[in-house]
Structure formats: structure tokens, C-alpha cells
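A.B. asks: coords please:
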Amino acid sequence: MFIQLFFYLFVFILIPISGFANDYKTALIFGATGQDGAYLIEFLLEKGYTVHGVKRKSSSFNTGRIDRFYEHPAYKNRFFIHYGDLTDSLAVLHLIQKIQPQEIYNLAAQSHVKVSFDLPGYTAQTDALGTLNILEAIRSLNQQNCVKFYQASTSEMYGLVQQIPQTEDTPFYPRSPYAVSKLFSHWITKNYREAYGIFCCSGILFNHESPLRGETFVTRKITRFVAKKFLGSDDVLYLGNLHAKRDWGYAKDYVEAMWLMLQHDQADDYVIATGQTTSVKDFVDLAFQEIGVQVYWEGQGLDEVAKDSSTHQVLVRIDPRYFRPTEVEFLLGDASKANKVLGWKPKTTLKQLVQIMVQNDIELERKVSKSS
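C.D. replies: Numbers count the residues shown, from 1 in each chain. Okay, here's the model as predicted:
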């Protein structure tokens, strides 16, 4: 009788419970402290994942984007941070061996295009060979059938564009050490998929922004300046190429696409974009409109400036130091494949994105003012 009761307990209670527990996956995220890392961590934790993030050791705190997950009572036993560096192949291998994740997301990079011209070697080591270190670790550990891998590719690989709009089949023409390094990662990911059967996907993400964007990137530089202007600053904003056009989306929308790629039955590469392009100059206009300021532009070339239409005060000037040695003038993505295969499409318009960023930066500036 006791054996029969134990059998029913095992079949109807223990097996379902253990099966339910196995539904919760473990993810490993390289580049966890960046903009995309923070949004992806939040997305996966809300899905029930256990999330392990990797960050580089630094003498200063750089976890501001993700500290809230430590403090969240529902996440404290499902969120962990490890020190690591993509350029250290043994450290990468040991992390994967220790954590045994079902999904790996490589979001780590030296991601500033202008900086890549100053630090081409470091950019290549991190953005190119770092990806290879992850793939080699998966292969060396015989995890081909256990792990799905996401590589963060970039629209910068299209560079001097050969086709408008850009799709998964558009030829690449990188125009910076950053883009060249990312192109290596893109192709080595495809190679390991075909050579070793690893489930590898590359997301060719076009520019995606948010309140968590680094302040050296042009969109955040603009919205921070506009917030300061709203609160009374008399400073002038200095920018580079005002006429460069980008396909700007919301980073929070884009991390869902990363996840969807790894849930599909077959590994593939996808363009993730809004299908609309906007110049830096027009982004400036939209940002100032959020605080009720209309701007007008006058002058040409390096002498072009933006002025407040009410006060005629100069708001924006051009600084040649922000020009790249080789510019990418026009990017426009076609995400039809992601929409058809993954069911993904952007949820946030550019106007909504600018509003989110400006309002967030106004609140941030107010907090800074109170604390100083």
C-alpha cells in the first residue's frame, strides 16, 4: 500500500513539480551593465529566468542601471553578477562551465564609434575576438546542443550603404574599427552555426536609444542638454554631423527581439529597425519641442547654428572634433523578416521615445540640482 501511494505521489506530484521547475531557464549576459543589458535583465527576470550578468572589474561603481534588481525582493535569488572580461578566454570558459546557461547574450562591446578610431586595437580585441572566445567556449565544452547564443550585431556594418533600405541580404561596407570588428563577430557567429551546429543568432540592430543610453552618445547628449536648458542653463550644445540620418528605436522594444530570436526553432540573423530615418538635426528639433522651444537653423557648413525662435539665443553649434574620419551618412532598416518570422515590430514611435528621454532627463537634472 505504501509503495503504491509513493508511486502516485511521484507520478502526479513530484514529476509535474520538477517539470515545471525546468521551464525556468538560466541566461548569461555579457555586457550586463549597459543600456541593453539592463533592459534585457528586466525582461528576462519578468519572464521567470535566473539571470547571471557579467561586468568588468572597475575602480568605480558602474552598476547604476542594474542596482534596482539587487533590491527587488522577487529577484534577489534569481539575479547574480560576476566579474569577467571577454578578452580573457579562460574566464569566459569557466563562467559558462560554472553557470551552465541555456541562453547566452553577448551585448558586451566597446560600442562608441568615434572612440573606436582612437582605440582600434582594444575595440578589435573586445568586439571581435571577445565573441570568438564565447563561441569557442561553447564548442570546447560540448555545449552545442545545450546553449543558444545571441550576438549583438549593428547597422554600422552597412556603413557606406549599398542598398536602401538595408535588409539581411544587403552587402556590408563598414566605415569604422567598431563596425569592422562587429562584422567579424557577425560572420564568425554565422560560421560557428554552420560549422558546429551551435544555435547562434545575430541581431542586426539599428540605433536604439533610451533614458539609459550613455551620455556620450548623440541622442542622450541632446536630451540631457535640453533638460538642462529647460531648468535654466545658458550653455551651448556642440555637435558633429547634423545631417547624418539614423533609424532610431527604443531599446526596451529591441531586447524583446533578442529574446524572440532564441525562442525560434531555427537560428538565423535578423534586422531589427523601425523603418524610418531621421537626421540628427531633426532629432534636435523634436527634443526642444518637448520643452516648448521652437528652433530655427541658419548658416552653412561649420557655421550652421540652431537658435531659439523666441529669444534668438544660439542653442547649438558645430564642433569639428565630433566628426568621424569616415562618416556613415544614412541608415534605414527593413525589419520585415523579423515581423514575419518572429512576430516582432516596434511599439514606440520616435516622438514617444524623445518624450520619454527628455522627461526622464528633466527629472534626473532636478535630482542632481537638489543634491548639489
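
A.B. asks: can you list contacts of stretch 54-68?
C.D. replies: Defining contact as C-beta atoms under 8 Å, 6 or more residues apart in numbering, one finds that stretch 54-68 is touched by 28-35, 37-38, 41, 53, 81-85, 95, 108, 212. Every C-beta, even on glycine, is put in place using the N, C-alpha and C of the backbone.

A.B. asks: which stretches of the chain form helices?
C.D. replies: 2-9, 15-22, 35-46, 67-71, 89-99, 113-118, 120-124, 130-140, 177-196, 218-230, 251-263, 280-289, 336-337, 350-371 (DSSP state H).

A.B. asks: end-to-end on stretch 286-296?
C.D. replies: 12 Å (C-alpha to C-alpha, to the nearest Å).

A.B. asks: how about it: buried residues?
C.D. replies: Leu286, Ala287, Phe288, Gln289, Glu290, Val293, Val295 (16 or more other C-beta atoms under 10 Å).

A.B. asks: of those residues, closest to Lys340?
C.D. replies: Distance to Lys340 across the buried residues of stretch 286-296 (C-beta to C-beta) is lowest for Leu286, with 30.0 Å.

A.B. asks: apart from its neighbours in sequence, what residue is nearest the closest one?
C.D. replies: Val354 (4.6 Å; C-beta to C-beta, 6 or more residues apart in numbering).

A.B. asks: any idea how many residues pack against that neighbour?
C.D. replies: 25 (other C-beta atoms under 10 Å).

A.B. asks: taking the buried residues of stretch 286-296 together, which two end up most distant?
C.D. replies: That would be Glu290 and Val295, which, of these, are the farthest apart (C-beta to C-beta) at 12.0 Å.

A.B. asks: ranges for the strands of the stretch 201-350 of the chain?
C.D. replies: Shown for the stretch 201-350 of the chain, the strands assigned by DSSP state E, counting those that start in this stretch span residues 208-209, 237-239, 245-246, 249-250, 269-272, 278-279, 295-298, 305-308, 314-318.

A.B. asks: give me the sheet partners of the fifth one and which way each runs.
C.D. replies: In this case it means strand 269-272. Sheet pairing of strand 269-272 (DSSP bridges) gives strand 199-205 (parallel).

A.B. asks: where's the strand it pairs with relative to the chain centroid, distance-wise?
C.D. replies: Centroid displacement of strand 199-205 relative to its chain, using C-alpha atoms, centre = their mean, to the nearest Å, is 12 Å.

A.B. asks: quick one: the nearest residue to Lys228 once chain neighbours are set aside and Phe288, what's the gap?
C.D. replies: Nearest non-adjacent residue to Lys228, counting by C-beta to C-beta, 6+ apart: Glu365, 5.8 Å away. Counting by C-beta to C-beta, to the nearest Å, the gap from Glu365 to Phe288 is 15 Å.

A.B. asks: which stretches of this structure have low pLDDT?
C.D. replies: For the chain, residues meeting the criterion pLDDT under 70 lie at 1-23, 58-61, 372.

A.B. asks: what about the nearest residue to Leu260 once chain neighbours are set aside, how many neighbours?
C.D. replies: Spatial nearest neighbour of Leu260, excluding adjacent residues (C-beta to C-beta, 6+ apart): Leu342 at 4.3 Å. For Leu342, the neighbour count with other C-beta under 10 Å is 19.

A.B. asks: let's number from 28 now, not from 1
C.D. replies: Will do, 28 is the new start, and the previous item becomes Leu369.

A.B. asks: residues in contact with stretch 344-353: which ones?
C.D. replies: Outside stretch 344-353, the residues that touch it by C-beta under 8 Å, 6+ apart are 140-141, 144, 186, 202-203, 263-269, 328-332.

A.B. asks: any of the residues you listed buried? List them.
C.D. replies: Val140, Lys141, Gly186, Arg202, Ser203, Leu264, Leu266, Gly267, Asn268, Leu269, Glu331.

A.B. asks: what's the first-to-last distance across stretch 104-113?
C.D. replies: 25 Å.

A.B. asks: correction: the previous question concerned stretch 68-83.
C.D. replies: Stretch 68-83 end-to-end distance (C-alpha to C-alpha) = 17 Å.

A.B. asks: same check, this time on stretch 254-268
C.D. replies: By C-alpha to C-alpha, one end of stretch 254-268 lies 22 Å from the other end.

A.B. asks: minimum distance to Thr181: which of the helices of the chain has it?
C.D. replies: helix 204-223 (5.0 Å).

A.B. asks: give me the angle between the closest one and helix 157-167.
C.D. replies: 20 degrees (axes from the mean of the first three to the mean of the last three C-alpha atoms, to 10 degrees).

A.B. asks: report the buried residues of helix 204-223.
C.D. replies: 204-213, 215-217, 219-220.

A.B. asks: try stretch 165-178
C.D. replies: Ile165, Gln170, Val174, Lys175, Phe176, Tyr177, Gln178.

A.B. asks: same check, this time on stretch 51-61
C.D. replies: If you call a residue buried by 16+ other C-beta under 10 Å, then stretch 51-61 has these buried ones: Lys52, Thr53, Ala54, Leu55, Ile56, Phe57, Gly58, Ala59, Thr60, Gly61.
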